[in-house]
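1. could you work out the structure for the sequence below:
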Amino acid sequence: GVYLWIGVARLEEKMGRIGKARSLLELGRLKNKGEDRLWLESARLERRIGNEDGAKKVMAVGLKECPKSGRLWAEEIKTAKKVDQKRISMDAIKNCTDDVRVICAVALLFVSERKYEKARKWFLRATVLDATYGDAFVDWYEFEGRLVGGGGEDGKEAKKVMKLCEDKEPRYGERWVKARKDMNNLRKSTGEILRIAAGFV
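-> Modelled structure (predicted):
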């Protein structure tokens, strides 16, 4: 499956065989048409080795092949130059109106612009849209926990996000799954996973 292609490519990358890793991902994309996770991994590989132009080219082709991929559009928003983020976020919303990853990326864009109330509305929208997507809670909790003057983790808003997350018990999302699958966290509660994933532990 897709994760096997990604796993083997990462192994090659760790061993310093970048060309081999790149070729494996290209082959994986050929054999799995329309699979946005392989396009995303290819773009991230290029970024990890400092090849920003290569990453942009990969993303451009990936978005042509997967124009409705919230996964790719969210990455495009997060990695774009500040001057381009608003335009890209509008394109993303037009193509993926109700994609939870895009909604979260837009919320984070509002955070970077210090439009905190708008950010909260978009984070809430994301958690209502898909309460199983843990990264929405992680991003939201991290924002509230680090907000200067917001009381940090002990602040009212952070506690609200914690309670909401505990009630919904999310299951997926890159940051969420990474924390949940860590062997050290097997017996941790939902709230503890949220704090770990958000970087507060």
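2. can you list the low-confidence ranges for this protein?
-> Along the chain, segments meeting pLDDT under 70 span 148, 150.
3. which residue ranges form the helices in it?
-> For the chain, the helices defined by DSSP state H cover 2-14, 18-31, 36-48, 52-65, 70-79, 82-95, 100-112, 116-129, 134-146, 156-168, 174-181, 190-197.
4. check those for me and report the most buried one.
-> Among those, the stretch with the highest mean neighbour count (mean count of other C-beta atoms under 10 Å) is helix 134-146, at a mean of 25. In this view, the C-beta of every residue, glycine as well, is placed from N, C-alpha and C.
5. ok and that helix relative to helix 70-79, angle-wise?
-> Interaxial angle, helix 134-146 versus helix 70-79 (axes from the mean of the first three to the mean of the last three C-alpha atoms, to 10 degrees): 30 degrees.
6. helix 134-146 - contacts with which helices or strands?
-> helix 100-112, helix 116-129, helix 156-168, helix 174-181, helix 190-197 (3 or more C-beta pairs under 8 Å, 6 or more residues apart in numbering; DSSP states H and E).
7. using JSON lines, please lay out those helices together with distance to residue 65.
-> Formatted as JSON lines, those follow (distance: least, C-beta to C-beta, whole Å):
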{"stretch": "helix 100-112", "distance to residue 65": "17"}
{"stretch": "helix 116-129", "distance to residue 65": "25"}
{"stretch": "helix 156-168", "distance to residue 65": "33"}
{"stretch": "helix 174-181", "distance to residue 65": "21"}
{"stretch": "helix 190-197", "distance to residue 65": "30"}
